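**Student:** All I have is the shape, not the residue letters:
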Ligand code: NAD
């Protein structure tokens, strides 16, 4: 019998999809790190989201760990190399939330271009601001997609269906796939220079950390829109604050610090050109169900080969 410790909120479907003849599940969403360190040695499988850092300390204390399972995609809070060195399998659900994140990206872009946030807030406040703001269409604009993986490629499909011109920057050669959408794979700086809107879909790596910084922000054209539904650390938010007045709008689903505490983040959040959602890219019924299925399947496979 494998003992499973789940340390964050997951769906009931996930809990019931682990075969009860082989897995005994302990559900402790929100357990503090100190407590986790005291109990982790009793478990074979650890299931978590992005809240806790699953680094050397947790791995060393987990003498019986066989599988680390990220309930979602990003593995940037896990020391994968160290886990693998110790013979622990690391699994996630990489495909499950692509549709939800891509749809949120499109929604954020529409909200910014049509100034929907201001209109909706003012009407709810008793106003009727018709004529106060003028929106812009997505049709005919160029969208620069940075990272053409599962989410970025889907955003590209949606955007091209809306009549946007797609530009892509990726370290892989994806030019043929992009060409099928009538788009073009280009160099990073060319994308920043030419795009009316820029959407980030890269994983967090040493290469992508602060890839949007003071220098690269200065290459974005005046009135350009920036959307980040990838990882907060891809954008240097101090630099973003410096450039914000020149940009057309910014939408962020992810921040360098979540929940935000630093003063500069609150300045950014409260800025009229910025909208922020609390890391809800995968927070749909459908994505959570898909994560549950994909992750349970990956855990059951992983315990067979470690
Ligand atoms: P993916 O691995 O399918 O695609 C990532 C793409 O980025 C790949 O094409 C890769 O070649 C490219 N890439 C990697 N390093 C690069 C670099 N230095 N420069 C340019 N391109 C680079 O990933 P995905 O599933 O599409 O996820 C994309 C991002 O979305 C990740 O950061 C993930 O953590 C994030 N995400 C966010 C949420 C949310 O709730 N907002 C949910 C799921 C995923």
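**Tutor:** The structure has been received and is ready for your questions. Predicted, not measured: the structure shown is a model, and the values here were computed from it.
**Student:** how many neighbours does the residue of the stretch 201-306 of the chain found nearest the ligand have?
**Tutor:** The ligand sits closest to residue 281 of the stretch 201-306 of the chain, with a gap of 2.4 Å, by C-beta to the nearest ligand atom. For glycine as for every other residue, the C-beta is placed from the backbone atoms N, C-alpha and C. Using other C-beta atoms under 10 Å, residue 281 is surrounded by 23 other residues.
**Student:** measure it to residue 151 for me?
**Tutor:** Separation of residue 281 from residue 151 (C-beta to C-beta, to the nearest Å) stands at 8 Å.
**Student:** again with residue 47
**Tutor:** Distance from residue 47 to residue 151, counting by C-beta to C-beta: 23 Å.
**Student:** Now do the lengthiest helix in the chain: distance to the chain's middle.
**Tutor:** Secondary structure of the chain per DSSP state H: the longest helix is helix 285-305. On the basis of C-alpha atoms, centre = their mean, to the nearest Å, helix 285-305 sits 19 Å off its chain's mean C-alpha point.
**Student:** Buried residues in it, which are they?
**Tutor:** By 16 or more other C-beta atoms under 10 Å, the buried positions in helix 285-305 come out as 287-288, 290-292, 294-296, 298-300, 302-303.
**Student:** Please list the residues of the stretch 151-300 of the chain that sit near the ligand.
**Tutor:** Applying C-beta under 6 Å from any ligand atom, one finds that the stretch 151-300 of the chain approaches the ligand through 151-152, 169-172, 201-205, 207-208, 229-231, 253-254, 279, 281-282.
**Student:** Buried ones among those residues?
**Tutor:** With burial judged by 16+ other C-beta under 10 Å, the buried subset of these is 151-152, 169-170, 201-202, 204, 208, 229-231, 253-254, 279, 281-282.
**Student:** what's the span of stretch 136-151, first residue to last?
**Tutor:** 24 Å (C-alpha to C-alpha, to the nearest Å).
**Student:** Mind listing what's buried along it?
**Tutor:** Residues of stretch 136-151 classed as buried by neighbour count (16+ other C-beta under 10 Å): 136, 138, 141-151.
**Student:** And for residue 167, the neighbour number?
**Tutor:** Neighbour number of residue 167 under other C-beta under 10 Å is 25.
**Student:** Nearest residue to the residue in the stretch 1-150 of the chain positioned nearest to the ligand in space, ignoring adjacent ones along the chain?
**Tutor:** Residue nearest to the ligand within the stretch 1-150 of the chain: residue 149 (1.7 Å; C-beta to the nearest ligand atom). Nearest-residue entry for residue 149: residue 201, 6.4 Å, with adjacent residues in sequence omitted and distances by C-beta to C-beta, 6 or more residues apart in numbering.
**Student:** check contacts around that neighbour.
**Tutor:** Neighbouring residues of residue 201 by C-beta atoms under 8 Å, 6 or more residues apart in numbering: 105, 145, 146, 147, 148, 149, 151, 152, 155, 229, 230.
**Student:** ok now do residue 58, which residues does it touch?
**Tutor:** 33, 36, 37, 40, 46, 52.
**Student:** buried subset of these?
**Tutor:** Using 16+ other C-beta under 10 Å, the buried ones in the contacts of residue 58 are 36, 40, 46, 52.
**Student:** Can you tell me how far the first one is from residue 91?
**Tutor:** According to C-beta to C-beta, residue 36 stands 19 Å off from residue 91.
**Student:** Number of residues surrounding residue 252?
**Tutor:** Count around residue 252 with other C-beta under 10 Å applied: 24.
**Student:** That one contacts residue 276, doesn't it?
**Tutor:** Yes: counting by C-beta atoms under 8 Å, residue 276 is a contact partner of residue 252 at 4.9 Å.
**Student:** which neighbours do those two share?
**Tutor:** residue 268.
**Student:** Cross the buried ones among the residues of the stretch 151-300 of the chain next to the ligand against helices and list the overlap.
**Tutor:** Those of these lying in helices (DSSP H): 151, 152.
**Student:** any shared contact partners between residue 281 and residue 151?
**Tutor:** Common neighbours of residue 281 and residue 151, using C-beta under 8 Å, 6+ apart, are 101, 229.
**Student:** Which of the buried residues of stretch 136-151 fall within helices?
**Tutor:** Mapping the buried residues of stretch 136-151 onto helices (DSSP H) picks out 150, 151.
**Student:** Tabulate the buried residues of stretch 136-151 in JSON lines, adding columns for distance to residue 69 and pLDDT.
**Tutor:** Converted to JSON lines, the buried residues of stretch 136-151 look like this (distance: C-beta to C-beta, whole Å; pLDDT from 0 to 100):
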{"residue": "136", "distance to residue 69": "43", "pLDDT": "98"}
{"residue": "138", "distance to residue 69": "38", "pLDDT": "98"}
{"residue": "141", "distance to residue 69": "40", "pLDDT": "98"}
{"residue": "142", "distance to residue 69": "39", "pLDDT": "98"}
{"residue": "143", "distance to residue 69": "34", "pLDDT": "98"}
{"residue": "144", "distance to residue 69": "34", "pLDDT": "98"}
{"residue": "145", "distance to residue 69": "29", "pLDDT": "98"}
{"residue": "146", "distance to residue 69": "28", "pLDDT": "99"}
{"residue": "147", "distance to residue 69": "24", "pLDDT": "98"}
{"residue": "148", "distance to residue 69": "27", "pLDDT": "98"}
{"residue": "149", "distance to residue 69": "21", "pLDDT": "98"}
{"residue": "150", "distance to residue 69": "19", "pLDDT": "97"}
{"residue": "151", "distance to residue 69": "21", "pLDDT": "98"}
